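Peer 1: Sequence first, then the predicted structure:
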Amino acid sequence: MQDERYPKSDTPSIFGILEAARNYRAGSPGKKATLLALLERMGDHGGEWSCFPSQATLAHDTEQSVRTVRRHLDDLVEADIIAVRSRVVGPDKKGNAYVLNLAALSGSAVILSAGEGTP
């Protein structure tokens, strides 16, 4: 079921999303690095921006421990920037999908839709 906080909408420009992320005050460089690592992998999947990296991959990319990445992911969930959904990736394996809340990330900033130009 589609969560109303993560609406399907016009496809936003990745440039607009990255600009909103740059303007977002995460509170720590590590948390911002975690958010940017997620955004590097995000794509429009059925009208919502999501990605599926492992926590180990995020830890490697951000040069942090897996435990620190988990803490930053929890903080981003608490701030309503992302939602985490469980997903099955194999017969005996589960993973997470990370879904971006565009409205919370952008705040009052405008996120351009595809075709509207770049910021």
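Peer 2: Arrived safely, thanks for sending.

Peer 1: where are the low-confidence patches of this structure?
Peer 2: 1-12, 108-119 (pLDDT under 70).

Peer 1: could you redo the last one with a cut-off of 80?
Peer 2: Counting by pLDDT under 80, the chain contains low-confidence ranges at 1-15, 47, 89, 106-119.

Peer 1: the strands in it, which residues?
Peer 2: Assigned by DSSP state E, the strands in the chain fall at 43-45, 48-51, 82-90, 93-100.

Peer 1: Which residues are in contact with the residue located most distally from the centre of the chain?
Peer 2: The C-alpha centroid of the chain is most remote from residue 91, which lies 26.2 Å away (Cα atoms, centre = their mean). Under the criterion of Cβ atoms under 8 Å, 6 or more residues apart in numbering, residue 91 has no contact partners. Glycine gets a C-beta too; all of them are placed from N, C-alpha and C.
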